[in-house]
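A.B. asks: Below: sequence and its predicted model.
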Amino acid sequence: MEKNLLRQLKDIQILANSMLTQELTHEKIEYFYKYSEEIQLYIKNNINDELISKLLSEIPNKEFHDLIRSTKAVEIFNFDIIGLFTKSENNEVETLINISKDKYASIETLLK
């Protein structure tokens with residue numbers, strides 16, 4: 001398997017772990033979402049495996065996208081986005097990050 005893809009799969013898991021131990025910001029969430037989208041697109045275009053496709057479909061990128069869109073709408077009105085994440089929203093984001101991290105770990109294992 002391509003070493004770059006395996007490295008990227010490991011990198012996104014490391015990024016997820018780091019996000020779970022640091023303060024969540026809009027920028028970090030958006031970066032994670034974009035990186036996840038890039039990895040998914042590459043895998044979809046280059047790996048033909050039913051189980052991997054199923055795992056990719058379970059990564060909650062739509063939820064990340066919706067969260068980013070909703071926070072960008074608030075940014076238009078010049079609110080401090082960092083202060084907008086309530087404990088409940090932080091828990092939701094952390095859950096999404098954990099789900100993504102676990103799916104990428106499974107994909108990495110299947111590709112080794």
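C.D. replies: Nice, thanks for sending it over. Numbering: from 1, shown residues only.
A.B. asks: which regions of the chain lie under the pLDDT threshold?
C.D. replies: Applying pLDDT under 70 to the chain flags residues 1, 71-90.
A.B. asks: Could you list the residues in contact with the biggest helix by length in the chain?
C.D. replies: Counting by DSSP state H, the longest helix found in the chain is helix 87-111. Contacts of helix 87-111 with the rest of the structure, by Cβ atoms under 8 Å, 6 or more residues apart in numbering, involve 1, 5-6, 9-10, 12-13, 16-17, 19-20, 24, 29, 32, 36, 39, 43, 47, 49, 51-52, 55-56, 58-61, 63-64, 67, 85. For the C-beta atoms, the positions are set from N, CA and C on the backbone; glycine is no exception.
A.B. asks: mind listing which of the residues you listed are in strands?
C.D. replies: In this view, those have no member that belongs to strands under DSSP state E.
A.B. asks: ok, now how distant is Leu110 from Leu56?
C.D. replies: For Leu110, the distance to Leu56 equals 11 Å [Cβ to Cβ, to the nearest Å].
A.B. asks: go on, Ile14?
C.D. replies: Distance of Ile14 to Leu56, given as Cβ to Cβ: 19 Å.
A.B. asks: what about the two, which has more around it?
C.D. replies: Leu56 (20 against 10; other Cβ atoms under 10 Å).
A.B. asks: which residues does the more buried one contact?
C.D. replies: So Leu56 contacts 40, 43-44, 103, 107 (Cβ under 8 Å, 6+ apart).
A.B. asks: Just the buried subset of those residues, written out for PyMOL, thanks.
C.D. replies: Entered in PyMOL, the line below selects the buried ones among the contacts of Leu56, by 16 or more other Cβ atoms under 10 Å:
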select buried, resi 40+43+103+107
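A.B. asks: That'll do, ta.
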